[in-house]
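1. following is a predicted model, sequence given first.
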Protein chains: 2
Amino acid sequence: MSSTSANGAGPDVIRVAAVQMNSRDDKAANIATALSLIDRAAASGARLIALPEVWTYLGPSEGNRAAAETIPGPLTELLAERARRHGVYLHAGSILERREGEPLLANTTVVFDPSGEIVARYSKLHMFDVVLDGVASYQESETVAPGDEIVTFDLDGVSVGLAICYDLRFPELFRILALRGADIIVLPAAFTMTTGKDHWEVLIRARAIEDGVYMIAPGQVGQFPPNSWNYGRSLIVDPWGIVLATAPDEETVIVSDLDLALVRKARRQVPSLANRRPDAYAWPDAERAMALRR
Amino acid sequence: MSSTSANGAGPDVIRVAAVQMNSRDDKAANIATALSLIDRAAASGARLIALPEVWTYLGPSEGNRAAAETIPGPLTELLAERARRHGVYLHAGSILERREGEPLLANTTVVFDPSGEIVARYSKLHMFDVVLDGVASYQESETVAPGDEIVTFDLDGVSVGLAICYDLRFPELFRILALRGADIIVLPAAFTMTTGKDHWEVLIRARAIEDGVYMIAPGQVGQFPPNSWNYGRSLIVDPWGIVLATAPDEETVIVSDLDLALVRKARRQVPSLANRRPDAYAWPDAERAMALRR
């Protein structure tokens, strides 16, 4: 569903769906589950359907390369057909991407429009190089090369920003997306249980509040091999930080109607994008970069 | 309390106190209350005592100028004496500051060391120019000029960053403070009931989590003239985002022991300061500034 405003400048309300999965190391089963949940989301009338992070394969990292896809490739053909069949925008979460001549994979979002065309690609900027005491160590950068570009796409006249999982901890990215005009940001994730229980909801709500954007965050839930747990609790949050929908702990779809007037209302009431002080933000990075340029 | 580490490189644990007040338009009464709560905080063994925002006067904005102070001046003398008497660092929340020849006030934090010397001054960077539908309109910039500088100070070898109230909505400031070395950030505030109930705790916890810092946030609570309400719920939050202390809805003091090893642990486990991608953060401001320079 996407109801158009009186003045024709994009829709007033967009129905969106976030798909929560419990992907494991059986790629065929994961793809079958995703297609079935996409169908369920489409039946709810969603105009935008978003999958979680690395949903085609979650297992021992040694299996990542074998599970990776080329983009475009057979998987994106399948997804394009599904977007076309339902006439929806399909945000394919993220997919491990194999690229010709590149030793490392990428963790890449692909977005299809209702005609099945790829309208946006985004590769995760921030690598999950993290050591959780007594739980596990993750060194995403050993097998994945980060992206370099910040990406938005147009959905029926509304700007949608892209981010993936660990990106959530970097408010810089979300701020830049909002400054570039994003009214909605989609964050597919596979947040660990350890970090998710303390950080997931608070950081997603903070991004919504500080940038006045809708956040759509489809996550991975539950156990996957060899012995890891994802937090789940996929969320859809409004620009005031109110949680519109939360997924229970199972593979499922959550749906909300996003009223874009609330983006304008939040930013009119608390204009934190306009009240910034870029003249005073002396980034140490910028200083270093400027010193190098001299 | 401030227990020194084995290697002598600053304390391991710092006891800190956040003072919550319900300031009104009676300046003498507010000062008496503050001094009494400072004494109570000192008796708890706190090494750092922090007051809330604009605690000397909260009333009709027409009264702001008459209530404003010079820095240094009689009020800072009084506070310096109190810091000296107790042998503590006293973070004097924020004070409306009147400056020679300046038509506008400043909203200024002053920090005293245990000898009563002023060791840091910070004037609020972000003006609270906000319109809350059906509640009130605030235009801080009509009577207050913003500061331009980002400030940290040294407390027994630990770097402490300064921010005030509405600054909380600007993750840029907190990120820069952390990148400059702050392990603790103090945020005196007078958050409205309307925004506080939805934004206060989530944004404070987000700053703690994303920057791996302790947050000390002493707030104003309750009604003040002519007819406004502050949210209160002063907080002390650890670098994992765990709420160590929350103030109930009255004038009071909350105290926590900050274990600085938890800053190092949070940043070692989830190194979001180190994993940033400044090379990819194409700030529209910087682009605009560079375009102007060409």
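-> Perfect, thanks for sending it.
2. what's in contact with stretch A:189-197?
-> By Cβ atoms under 8 Å, 6 or more residues apart in numbering or on different chains, the surrounding residues in contact with stretch A:189-197 are A:52-54, A:58, A:130, A:132, A:135-136, A:164-165, A:168, A:199-200, A:217-220, A:228-233, B:270. For glycine as for every other residue, the C-beta is placed from the backbone atoms N, C-alpha and C.
3. sitting in strands, which of the residues you listed do you find?
-> Judged by DSSP state E, these include A:V130, A:L132, A:A136, A:A217, A:S228, A:W229, A:N230, A:Y231 as members of strands.
4. least confident of those residues?
-> On pLDDT alone, A:A136 ranks lowest of the ones in strands among the contacts of stretch A:189-197, at 85.
5. ok, back up a step: could the ones in strands among the contacts of stretch A:189-197 be laid out in CSV, adding distance to B:G73?
-> Below are the ones in strands among the contacts of stretch A:189-197 laid out as CSV (distance: Cβ to Cβ, whole Å):
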residue, distance to B:G73
A:V130, 49
A:L132, 50
A:A136, 56
A:A217, 50
A:S228, 59
A:W229, 58
A:N230, 57
A:Y231, 52
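6. just the pLDDT for the residue of the stretch 51-200 of chain A at minimum distance from chain B.
-> For the stretch 51-200 of chain A and chain B, the shortest gap (Cβ to the nearest Cβ) falls at A:P171, measuring 3.6 Å. At A:P171, the pLDDT value in this model is 98.
7. my read is that it contacts A:E210, right?
-> Yes: shown here, A:P171 and A:E210 form a contact pair, counting by Cβ atoms under 8 Å, at 6.8 Å.
8. residues in contact with the closest residue to A:F153 other than its chain neighbours?
-> In space, and not counting its chain neighbours, A:F153 is closest to A:A120: 3.7 Å by Cβ to Cβ, 6 or more residues apart in numbering or on different chains. Neighbouring residues of A:A120 by Cβ under 8 Å, 6+ apart: A:T109, A:V110, A:V111, A:V151, A:T152, A:F153, A:L162.
9. who does A:A120 form a beta bridge with?
-> Residues in a beta bridge with A:A120, per DSSP bridges, are A:V111.
10. any idea which helix or strand carries A:I49?
-> If you go by DSSP states H and E, A:I49 is part of strand A:48-50.
11. what sits up against the very next helix or strand once past that strand?
-> Counting by DSSP H and E, the element after strand A:48-50 in chain order, helix or strand, is helix A:64-67. Contact with helix A:64-67 is made by A:K27, A:T56, A:Y57, A:G59, A:L96, A:R98, A:L105, A:T143, as judged by Cβ under 8 Å, 6+ apart.
12. hmm, try it at 7 Å
-> Contacts to helix A:64-67, defined as Cβ atoms under 7 Å, 6 or more residues apart in numbering or on different chains, come from residues A:K27, A:T56, A:Y57, A:L96, A:R98, A:L105, A:T143.
13. run through the stretch 51-200 of chain A and note the low-pLDDT ranges.
-> The stretch 51-200 of chain A contains no residues with pLDDT under 70.
14. given the longest strand anywhere in chain A, what are its sheet partners and their directions?
-> Using DSSP E to define each element, chain A has its longest strand at strand A:11-20. The pairing partners recorded for strand A:11-20 under DSSP bridges are strand A:2-4 (antiparallel), strand A:48-50 (parallel), strand A:252-259 (antiparallel).
15. helices of the stretch 151-294 of chain A, start to end?
-> A:171-179, A:193-195, A:201-211, A:261-269, A:284-293 (DSSP state H, counting those that start in this stretch).
16. what angle do the longest one and helix A:171-179 make?
-> The reference is to helix A:201-211. If you take axes from the mean of the first three to the mean of the last three Cα atoms, to 10 degrees, helix A:201-211 sits at 40 degrees to helix A:171-179.
17. so what does helix A:201-211 touch, helix or strand wise?
-> On a contact count with 3 or more Cβ pairs under 7 Å, 6 or more residues apart in numbering or on different chains; DSSP states H and E, helix A:201-211 meets helix A:171-179, strand A:214-217, strand A:235-237, helix B:201-211.
18. give me whichever of these is most buried.
-> Among the helices and strands packed on helix A:201-211, strand A:214-217 has the highest mean neighbour count (mean count of other Cβ atoms under 10 Å in any protein chain shown), at a mean of 28.
19. give the other helices and strands that that one contacts.
-> Strand A:214-217 is packed against strand A:11-20, strand A:184-186, helix A:201-211, strand A:235-237, with contacts defined by 3+ Cβ pairs under 7 Å, 6+ apart.
20. what does it contact?
-> By Cβ under 7 Å, 6+ apart, the residues outside strand A:214-217 that reach it are A:16, A:18, A:50, A:183-187, A:189, A:204, A:207-208, A:234-239, A:258, A:263.
21. tell me how far it lies from the chain's centre.
-> 8 Å (Cα atoms, centre = their mean, to the nearest Å).
22. and if you look at stretch A:113-120?
-> Relative to its parent chain, stretch A:113-120 has a centroid offset of 17 Å by Cα atoms, centre = their mean.
23. now stretch A:220-229
-> Between the centre of stretch A:220-229 and the centre of its chain there are 19 Å (Cα atoms, centre = their mean).
24. is A:V131 in a bridge, and if so with what?
-> Beta-bridge partners of A:V131, as defined by DSSP bridges: A:S137.
25. now the residue most central in space within chain A: closest residue in space that isn't a chain neighbour?
-> Centroid-nearest residue in chain A, with Cα atoms, centre = their mean: A:L187, separated by 2.3 Å. Among residues not flanking A:L187 along the chain, A:A217 sits closest, at 4.5 Å (Cβ to Cβ, 6+ apart).
26. let's have the strands paired with strand A:11-20 in a markdown table, adding mean neighbour count.
-> Formatted as a markdown table, the strands paired with strand A:11-20 follow (neighbours: other Cβ atoms under 10 Å in any protein chain shown):
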| stretch | mean neighbour count |
| --- | --- |
| strand A:2-4 | 16 |
| strand A:48-50 | 27 |
| strand A:252-259 | 20 |
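27. any idea how far A:R268 is from chain B?
-> Distance of A:R268 to chain B, given as Cβ to the nearest Cβ, to the nearest Å: 7 Å.
28. state the distance from that residue to B:G45.
-> In this view, A:R268 and B:G45 are 46 Å apart by Cβ to Cβ, to the nearest Å.
29. chain B contacts on the stretch 101-250 of chain A?
-> Residues of the stretch 101-250 of chain A lying close to chain B by Cβ under 7 Å from any Cβ of the partner chain are A:125-127, A:129-133, A:146, A:148, A:150, A:169-172, A:175-176, A:179-180, A:195, A:198-199, A:202-203, A:205-206, A:209-210, A:240-241.
30. so how many other residues sit close to A:P225?
-> Using other Cβ atoms under 10 Å in any protein chain shown, A:P225 has 12 other residues around it.
31. I figured it hits A:E62, correct?
-> No: using Cβ atoms under 7 Å, A:P225 is not in contact with A:E62; the gap is 11.1 Å.
32. hmm, the residue nearest to the centre of chain A is touching A:Y166, no?
-> No: A:L187 is beyond contact range of A:Y166, at 10.1 Å (criterion: Cβ under 7 Å).
33. biggest helix in chain A by residues?
-> Criterion DSSP state H: the longest helix present in chain A is helix A:27-43.
34. show me which residues of it are buried.
-> A:K27, A:N30, A:I31, A:T33, A:A34, A:L37, A:I38, A:R40, A:A41, A:A42 (16 or more other Cβ atoms under 10 Å in any protein chain shown).
35. quick one, what contacts A:S228?
-> By Cβ under 7 Å, 6+ apart, the contact list for A:S228 reads A:A136.
36. again, only using 8 Å
-> A:S228 neighbours (Cβ under 8 Å, 6+ apart): A:A136, A:T192.
37. now A:V253
-> Taking Cβ under 8 Å, 6+ apart, we find A:V253 in contact with A:A17, A:A18, A:V19, A:Q20, A:L37, A:R40, A:A41, A:S44.
38. how close does the residue nearest to it when sequence neighbours are not counted get to A:S159?
-> Nearest residue to A:V253, sequence neighbours excluded (Cβ to Cβ, 6+ apart): A:A41, at 4.7 Å. Distance of A:A41 to A:S159, given as Cβ to Cβ: 22 Å.
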